[in-house]
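Q: take a look and give me a structure for this.
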Amino acid sequence: MLHPNDISNYKTSTKDLKQSIEKIMQETELDYLSSVSFEQFEVSDAEIDHLNILIDAKTNHGRGASGNAIFIALLCGLLIGISVFFVLFQKSRNHPSVYQSLEEEKVALALQNKISPHDTLFPVLTAKPVEHYRTIVNTGSGEQTSEEEPLEMLPSKPLTLTNEKETEEEIVFKFTPNAPVIFIHNLKVTNYRMYYFKYNESIDLSINMGLSAQYGSNADIERQQLNRSNSYFAHKIIQKAMSLFNSKNTINCIEELTLLYDFNPNDANAQFYLGMCYYQLGKYNLANRYFQKNLDNVNNIFHQESEFYQALCLTNMKQNDEAIKQLQRIVNNKGFYNQRAQEILNQQTKN
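A: Sure, this is the predicted structure:
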């Protein structure tokens, strides 16, 4: 640090001290100028100390002002943040979802006040038995848009079994589908392309105009005018028949299915659904015949259904011995209808 006394005594200083003073003076221009000023005006240490006091006072005053500026800036930032928060909060309150949630809370509270402790919130519903010929998955409109290519049908072949393991394998083989299946109006339909298309073209049944359906009396006839034209296609008939069956319009469904059966008596769909229609009408003898035709068909898609409902027909026809044997066979096979067959057997045992 260069002091004024060093400059004042420069001339009388030793050689080494002079070199040291010169070195310090040459480090920066400011030191040099200050040294020149000290030398010219002969400034004393007391004057320098007084100057430092004035500088410190000025500096402290500036620091206070900068602190005030920082405080004001923080206060402004806080006010801006609060304003933004209230704007966003008010906007969120005006959002439709807020009113929706408030309405849901009001409804829930009203229901809570109306429900007594003795009310049953989830009543036990008696589920209808699921049929094997219906789909479990919801298919929307019920009409199948894609068509599967027909598979080569496997002929049924009796097996000679010697033990229980082989018996189980036979049951699995018996229930293995041997033909393609689609669902129309949530109802199972087999061999759709094979039965209703020929060389990839729709089969025209307009030449087959006869409707040979059997009715119990004239009152049973609810003939629906069919939308016939020069082109009346087989695949349109099966679609309409499934729609009528699904809506329990049994008489008109028989009319449609009879057209298909007359054209192709080996149509497994026509065989089974005609059997179901006559069963629903209480015509068990006719239903039994169609179920037997289906069981004799190499296509096994409806065999479980035909076997079960044929047993019910035998029961209603008072052929109890044959019905019991068939129901017991269904139970032993452990197929889809085995539980329902066991329930019927239990009821007959009690009676």
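
Q: helix or strand right after the helix or strand where K188 lies?
A: Per DSSP states H and E: K188 is located in strand 187-190. Using DSSP H and E, the helix or strand that directly follows strand 187-190 along the chain is helix 192-196.

Q: can you pull the buried residues of that following helix?
A: 192, 194-196 (16 or more other CB atoms under 10 Å). For the C-beta atoms, the positions are set from N, CA and C on the backbone; glycine is no exception.

Q: likewise stretch 292-305?
A: 292-295, 297, 299-305.

Q: state the number of residues packed around R134.
A: For R134, the count of nearby residues is 12 (other CB atoms under 10 Å).

Q: surely it meets V189?
A: No. In this structure R134 lies outside contact range of V189 using CB atoms under 8 Å: 11.5 Å.

Q: before we move on, the earlier item: just the C-alphas of the strand holding K188, formatted as CSV.
A: C-alpha atoms of strand 187-190 as CSV (Å, rounded to 0.1, in the frame of the first residue of the first chain):
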residue,chain,number,x,y,z
LEU,A,187,-76.6,-66.3,-31.9
LYS,A,188,-74.2,-68.9,-33.0
VAL,A,189,-74.1,-69.7,-36.7
THR,A,190,-71.9,-72.4,-38.3
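
Q: what about it, average pLDDT?
A: Mean pLDDT, strand 187-190: 94.

Q: what sits against Y309?
A: By CB atoms under 8 Å, 6 or more residues apart in numbering, the contact list for Y309 reads 275-276, 279, 287, 291.

Q: switch to 10 Å and redo it
A: Neighbour list for Y309: 131, 133, 272, 275-276, 279-280, 284, 287-288, 290-291, 294, 302, 337 [criterion: CB atoms under 10 Å, 6 or more residues apart in numbering].

Q: wait, I344 touches N320, no?
A: No. Contact between I344 and N320 fails when scored by CB atoms under 10 Å: they sit 11.2 Å apart.

Q: who has more neighbours out of these two?
A: I344 (19 against 11).

Q: quick one: the closest residue to the more buried one other than its chain neighbours and L345, what's the gap?
A: Closest residue in space to I344, ignoring its immediate chain neighbours: L327 at 5.8 Å, by CB to CB, 6 or more residues apart in numbering. Noted for L327: a distance of 5 Å to L345, by CB to CB, to the nearest Å.

Q: more neighbours: those two, which one.
A: Per other CB under 10 Å, whichever of L327 and L345 has more neighbours is L327, with 25 against 17.

Q: surely the more buried one meets C313?
A: No. The criterion here is CB under 10 Å, and L327 misses it with C313 at 11.9 Å.

Q: let me see the domain layout of this structure.
A: 4-43, 46-113, 164-350 (automatic domain parsing).

Q: for the chain, which spans come out with low pLDDT?
A: Within the chain, the stretches with pLDDT under 70 are 1-4, 6-8, 10, 25-43, 58-66, 91-128, 135-174, 207-231, 351.

Q: and the strands in it?
A: Applying DSSP state E to the chain gives strands spanning 181-184, 187-190, 197-198, 201-202.

Q: need the ones you listed in CSV (columns: mean neighbour count and distance to K236).
A: Below are those laid out as CSV (neighbours: other CB atoms under 10 Å; distance: least, CB to CB, whole Å):
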stretch, mean neighbour count, distance to K236
strand 181-184, 20, 11
strand 187-190, 22, 13
strand 197-198, 14, 12
strand 201-202, 11, 8
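
Q: which residues are in contact with each of R134 and V189?
A: Going by CB under 10 Å, 6+ apart, residues that sit against R134 and also against V189 are F183.

Q: show me what the strand holding K188 is packed against.
A: Here strand 187-190 touches strand 181-184, helix 234-246, helix 268-280, going by 3 or more CB pairs under 10 Å, 6 or more residues apart in numbering; DSSP states H and E.

Q: how close does E255 sit to I238?
A: Distance from E255 to I238, by CB to CB: 13 Å.

Q: to K18, which of the helices and strands packed on strand 187-190 lies closest?
A: strand 181-184 (114.1 Å; CB to CB).

Q: list the strands paired with that closest one, with their directions.
A: Strand 181-184 has these partner strands in its sheet, going by DSSP bridges: strand 187-190 (antiparallel).

Q: contact partners of the partner strand?
A: 131-135, 142, 144, 148, 150, 153, 177-183, 195-196, 235, 238-239, 241-243, 245-246, 267-269, 272-273, 276, 297, 299-302, 305.

Q: please repeat the previous calculation with a cut-off of 8 Å.
A: With CB under 8 Å, 6+ apart as the criterion, strand 187-190 contacts 132-135, 142, 144, 179-183, 238, 242, 245-246, 268-269, 273, 299, 301-302.

Q: could you check how far the residue nearest to I344 is from Y133?
A: From L327 over to Y133 (counting by CB to CB), the distance is 19 Å.

Q: what does Q328 give?
A: If you go by CB to CB, the gap between Q328 and Y133 works out to 23 Å.

Q: who's more crowded, those two?
A: The neighbour count for Q328 versus Y133, taken as other CB under 10 Å, is higher for Y133 (23 against 14).

Q: who touches N5 in this structure?
A: By CB under 8 Å, 6+ apart, the neighbours of N5 are D45.

Q: from Y232, how far out is D204?
A: Separation of D204 from Y232 (CB to CB): 7 Å.

Q: now do L312
A: From L312 over to Y232 the distance is 34 Å, taken as CB to CB.

Q: same check on I24?
A: 120 Å.
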